[in-house]
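Could you look at this predicted model? Sequence included:
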Amino acid sequence: MSLVPKLIKRLFPLSSATQTLAEQEIFFKQILDTSSVAIFFINPEGRIIQANQCMQEMFLYPLDTLIGKEYVELIHPIERELSRQKMVALLANTIDSVDLERIYYKEDGSIFWGRLTCKPFYDAKGKQIGLVGVIADIDERQYTQQYEIHHKHILQMMAHMSPLSSILHVIVGDIESIHHRCIGCNILLLDETNHQLNLGATSNELQYVSTALIQVAHSNNHFLSQLLALESKPHLLSTLEHEPWWHEKMASHEQNQHCWINPIVSASKQPLGFLIICSLHNKPLTPREMKLLEDEVQFISLAIEKSKSDAKLQLAANVFTHAREGIIITDPYGTIIEANDAFVRITGYQRDEIIGRNPRILKSGRQEMPFYIHMWHCISTYGNWQGEIWNRRKDGSIYAEMLTISAIKDSEGEIQNFVALFTDISTLKEHEKALEHLAQHDALTSLPNRSLLQDRLRQAIAEAERYSTSLAVLYIDLDGFKEINDTYGHGVGDELLITAAQRIASLLRKNETIARLGGDEFVALLTDLDDPSECNIIVQRILEAMNEVIEIHGIELHISASIGISIYPRDTRKADELILDADKAMYAAKQAGKNRYTFFKPIKEA
C-alpha cells in the first residue's frame, strides 16, 4: 500500500457513511497538489512520508527522492541542529507548533528563504502519527526586505558620517550575507589623480582578482585608461579577455566566466572606481543579482561622493530623490521643509500640500499618547527612534510603516533638523495576517479548524468554570452528503458544505463557535448556558435548517443532520473528552435513524 492510502486510512477510518479509500486518496491528493504552498508530512523518525506538487517544484526534487528523505537535510547547515531540536520537541508534545522563517536548500544547491508552519498530526482517534508542515516561499519578500534594510543602513551610515572604508566593508558584508555567501565582490577606488587603483573592500575569496587588477593597472597605464573608458554598465570579465588591451595576467582565472565588473561614476560622470561581483559557486548571476550590481554601484557612488566635501550637496539630492523609502525633513519645531518623491507616492500628499505642515497630519489615531511620549523621549535622549507605526494617507486609508526618525545636530550639539525615513510595510502585514488565518481556519469554508476550536473550547471552559455556567459541544454530521458528493462531484459537494456551514453559523450567537473538522463533520460550541436544556432550541433549529432544500447550480439537494451533544461540566471537564463524547453521541443519533440529536450517555459500570 502506498503512503497516501496508509495516511488516509489512519486519518479517515472507513465506514458506511464515509467515502471509499480510493476516493479519499484522490480527494486528499488533489487538495495537496492544488495548494500554492509546500505541504508535507513527517513520520515520528523525522522523515518525509508525503509531499505535494508545490514542494517538489519548490525544492526541485522528484517525489520519489523527497519521500524517505530526512526533513532537516533540506535546511541550511547553520539552522539544521536547531530545527532538529524543534522537531523532536513537536513530536514529544513539549511545544504546540513551530512558526518561523529559515533558509532551505534546493536540489541544485541553490538557497531560498521559506516560512515554515509545523504542527503535530493526529489520526481520527486523536493519536499523534507525525507532523504536518507548510512552507511558503518568501525568498523574494525576504530578499526585498533585506535589500531595503541594507540600503537603509548604508543611508544611515552616510547620514552619521561614517568613514568611507566602514561603509564599503558593510556593503561587501551585506551582499555576502543576503546571498548566503554564494556571491562575493570587490570595490576598487581611484585615487584623486585617476592614475592608481586602491582596494576599498573585498570578499576573501576574491582577493586574487583585486590584487591582479591593482598590480596590472599600476604597471600598465594603457590598461587602466581602457578600464576607465568602459561604459558605466556591467561587463563580463570573460568577454573583456578578447579585447586587445586586456592583460594576460587577468585572463588566467576560471571564475572570470561568472564575474562582472561595473565602473563606478559620479553624478557628473567622473570615474570613481569599480565594483566587481562574482558567483562563488561557478553559476551565472540571476537577473535580480544583476539588478543588485547596478543598484549597488549607485549607492557606492553616493558613499564615495559624500566622503568628498565638494560633492555633499549633490549626494544629498541623489539620496533624497532616488531612495525607495519615503523621507521628510523638518525644522527643529517639527514643521516639514522637504519631502521626497517616495513620500508623495506612499502618502498621496503632493509636496506643496505638505510643506509647512506638521507630520501629525499623517496621524492615524491607532497609537495612544504614551506611544508618542516614548518616541520623543528616545529621540531627545539617544538622537533617534525606530519602530512600526500606523499612519493615514491623504485618501483616509491606514497603512503600516517602518519608521526611523533622527535628530540632525550642528557642531555645537544643537538640533537643526529632524529626518524621518519610512518604508510602507502594509503588504508584509497583510501577508502575516493571511498566514495566521490559514493556520487556524479551514481552507474551504473559512470556519475555525480543529486547532482554533480546541483553543476556543479551553477558553470557554475557563469562562464557564469562573461563572458556574454550562456549555454544550455539538458534533454535527451531514446525512446524505456522501451520496450527493459521489453523484454530482466534488464541486457541488464543496458548495454544499459551504452553504451548510453558513446556515449553522447564522443560528449561533456572536460569542459562539462553529468549526469544521474535515469532510462533512462540524463542531458547534454553545456557551453561557444556565441549564443544559437551553441548547435544545438551537439544536432543533439546526436540524430544521439542514432539512431545508439547498439549491446549487439548479439542482435541489436534500440532506439532514445527526447531532451528538456533550455538556460541560455534567459529562466531563476535559476539552478533548467533550469532543469525543459528542462524537459518540452523534453516532448514536445515526444509529437511531439519523436526522435527530442525542445527548451523550456514559456507559454505566456493572
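In hand now; what should we look at?

tell me the strands in the stretch 301-450 of the chain, going along the chain?
Taking DSSP state E, counting those that start in this stretch as the criterion, the stretch 301-450 of the chain carries its strands at 326-330, 336-339, 384-392, 398-409, 415-424.

So what are the sheet partners of the second one and their directions?
What it means is strand 336-339. strand 326-330 (antiparallel) (DSSP bridges).

Now the partner strand - C-alpha only, PDB.
What follows is strand 326-330 as a C-alpha-only set of coordinates in PDB (Å, rounded to 0.1, in the frame of the first residue of the first chain):
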ATOM      1  CA  GLY A 326       9.800  58.000   2.000                       C
ATOM      2  CA  ILE A 327      11.800  60.800   3.500                       C
ATOM      3  CA  ILE A 328      10.700  64.100   5.100                       C
ATOM      4  CA  ILE A 329      12.800  66.800   6.700                       C
ATOM      5  CA  THR A 330      11.500  69.100   9.400                       C
END
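
Residues contacting that strand, please?
Outside of strand 326-330, the residues within contact range by CB atoms under 8 Å, 6 or more residues apart in numbering are 320, 336-340, 342-343, 345-347, 354, 358-359, 401, 417-424. From N, CA and C alone the C-beta is placed, and that goes for glycine too.

Kindly report the same for stretch 288-307.
143, 147, 151, 154, 158, 163-164, 167-168, 171, 175, 179, 183, 185, 187, 189, 232-234, 260, 262-267, 272-273, 275, 277, 285, 311-312, 314-316, 318-319, 322.

circling back to that earlier point, from the contacts of strand 326-330, list the buried ones, please.
320, 336, 339-340, 342-343, 346-347, 354, 359, 401, 418-424 (16 or more other CB atoms under 10 Å).

Where does pLDDT dip in the stretch 301-450 of the chain?
Residues of the stretch 301-450 of the chain that meet the criterion pLDDT under 70 lie in 309-317, 319.

for the chain, same thing?
Ranges of the chain meeting pLDDT under 70: 1-28, 31, 248-257, 309-317, 319, 603-606.

please redo it, this time with the cut-off set to 50
1-4, 8, 14-17, 310-311, 605-606 (pLDDT under 50).

and the nearest residue to I67 once chain neighbours are set aside, helix, strand or coil?
In space, and not counting its chain neighbours, I67 is closest to I48: 6.1 Å by CB to CB, 6 or more residues apart in numbering. Three-state assignment for I48 (DSSP: H, G, I helix; E, B strand; the rest coil): strand.

residue contacts, I48?
F40, F41, I42, L66, I67, G68, K69, E70, Y71.

The fifth one against N52, yeah?
Same thing as I67. No - in this structure, I67 is not within contact of N52 by CB atoms under 8 Å, at 11.9 Å.

out of those two, which sits in the more crowded spot?
N52 (23 against 16; other CB atoms under 10 Å).

Does the more buried one touch F40 like I think?
Yes - between N52 and F40 there is a contact at 7.2 Å, judged by CB under 8 Å.

what's the distance between R115 and P448?
Distance of R115 to P448, computed by CB to CB, to the nearest Å: 22 Å.

now do A92
For A92 relative to P448 (CB to CB), the value is 26 Å.

Between the two, which has more neighbouring residues?
Ranked by neighbour count (other CB under 10 Å), A92 and P448 place P448 first, with 21 against 11.

quick one on the thing from earlier: which of the contacts of stretch 288-307 are buried?
143, 147, 151, 154, 158, 164, 167-168, 171, 175, 179, 183, 185, 187, 189, 234, 260, 262-266, 272-273, 275, 277, 285, 311, 314-316, 318-319.

Strands - which of these land there?
183, 185, 187, 189, 260, 262-265, 272-273, 275, 277 (DSSP state E).

Now render those as a markdown table, adding distance to L32.
Formatted as a markdown table, the entries for these read as follows, by distance: CB to CB, whole Å:
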| residue | distance to L32 |
| --- | --- |
| I183 | 35 |
| C185 | 41 |
| I187 | 47 |
| L189 | 54 |
| W260 | 41 |
| N262 | 45 |
| P263 | 51 |
| I264 | 50 |
| V265 | 52 |
| L272 | 54 |
| G273 | 52 |
| L275 | 45 |
| I277 | 39 |
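
Is Q440 in contact with S451, as I believe?
Yes - at 6.1 Å, Q440 and S451 qualify as touching, with contact defined as CB under 8 Å.

For the stretch 101-250 of the chain, which segments count as strands?
Going by DSSP E, counting those that start in this stretch, the stretch 101-250 of the chain shows strands at 111-122, 128-137, 183-190, 197-202, 235-236.

The second one pairs with which strands, and in what direction?
In this case it means strand 128-137. Using DSSP bridges, the strands paired with strand 128-137 in its sheet are strand 38-42 (antiparallel), strand 111-122 (antiparallel).

most packed of these?
The highest average neighbour count among these, using mean count of other CB atoms under 10 Å, belongs to strand 38-42 at a mean of 23.

can you list the residues that contact it?
So strand 38-42 is contacted by 7, 32, 48-52, 54-55, 58-59, 66, 71, 87, 114, 121, 130-137 (CB under 8 Å, 6+ apart).

CA-only coordinates of it in CSV, if you can.
Extracted in CSV, the C-alpha atoms of strand 38-42 (Å, rounded to 0.1, in the frame of the first residue of the first chain):
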residue,chain,number,x,y,z
ALA,A,38,4.6,23.3,0.0
ILE,A,39,2.8,20.8,2.2
PHE,A,40,4.4,17.7,3.7
PHE,A,41,4.1,15.0,6.3
ILE,A,42,6.9,13.8,8.6
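
Leaving out sequence neighbours, find the closest residue to L66.
Spatially, and ignoring its direct neighbours in sequence, L66 is nearest to A51 (4.8 Å; CB to CB, 6+ apart).

And Q146, by the same measure?
I178 (4.8 Å).

and the gap between the one you found and C185?
I178 sits 11 Å away from C185, going by CB to CB.

Could you do Q416 as well?
Taking CB to CB as the measure, Q416 and C185 are separated by 36 Å.

in stretch 484-497, what counts as buried?
By 16+ other CB under 10 Å, the buried positions in stretch 484-497 come out as I484, N485, Y488, V492, G493, E495, L496, L497.

residue contacts, the third one?
So the one you mean is Y488. Applying CB under 8 Å, 6+ apart to Y488 gives the contacts I552, I555, L557.

could you check the angle strand 183-190 makes with the helix or strand hosting Q298?
Using DSSP states H and E, Q298 sits in helix 287-306. Angle, helix 287-306 to strand 183-190, by axes from the mean of the first three to the mean of the last three CA atoms, to 10 degrees: 30 degrees.

Please save the CA atoms from helix 287-306 in PDB.
Extracted C-alpha coordinates of helix 287-306, given in PDB (Å, rounded to 0.1, in the frame of the first residue of the first chain):
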ATOM      1  CA  PRO A 287      18.600  38.800 -13.200                       C
ATOM      2  CA  ARG A 288      18.000  40.100  -9.600                       C
ATOM      3  CA  GLU A 289      21.700  39.700  -8.800                       C
ATOM      4  CA  MET A 290      22.500  41.700 -11.900                       C
ATOM      5  CA  LYS A 291      20.000  44.400 -10.800                       C
ATOM      6  CA  LEU A 292      21.800  44.300  -7.400                       C
ATOM      7  CA  LEU A 293      25.100  45.100  -9.200                       C
ATOM      8  CA  GLU A 294      23.600  48.100 -10.900                       C
ATOM      9  CA  ASP A 295      21.900  49.400  -7.700                       C
ATOM     10  CA  GLU A 296      25.000  48.900  -5.500                       C
ATOM     11  CA  VAL A 297      27.000  50.900  -8.000                       C
ATOM     12  CA  GLN A 298      24.700  53.900  -7.300                       C
ATOM     13  CA  PHE A 299      25.000  53.500  -3.600                       C
ATOM     14  CA  ILE A 300      28.800  53.100  -3.700                       C
ATOM     15  CA  SER A 301      28.900  56.200  -5.900                       C
ATOM     16  CA  LEU A 302      26.900  58.100  -3.300                       C
ATOM     17  CA  ALA A 303      29.100  56.900  -0.500                       C
ATOM     18  CA  ILE A 304      32.300  58.000  -2.300                       C
ATOM     19  CA  GLU A 305      30.900  61.400  -3.200                       C
ATOM     20  CA  LYS A 306      29.700  62.100   0.300                       C
END
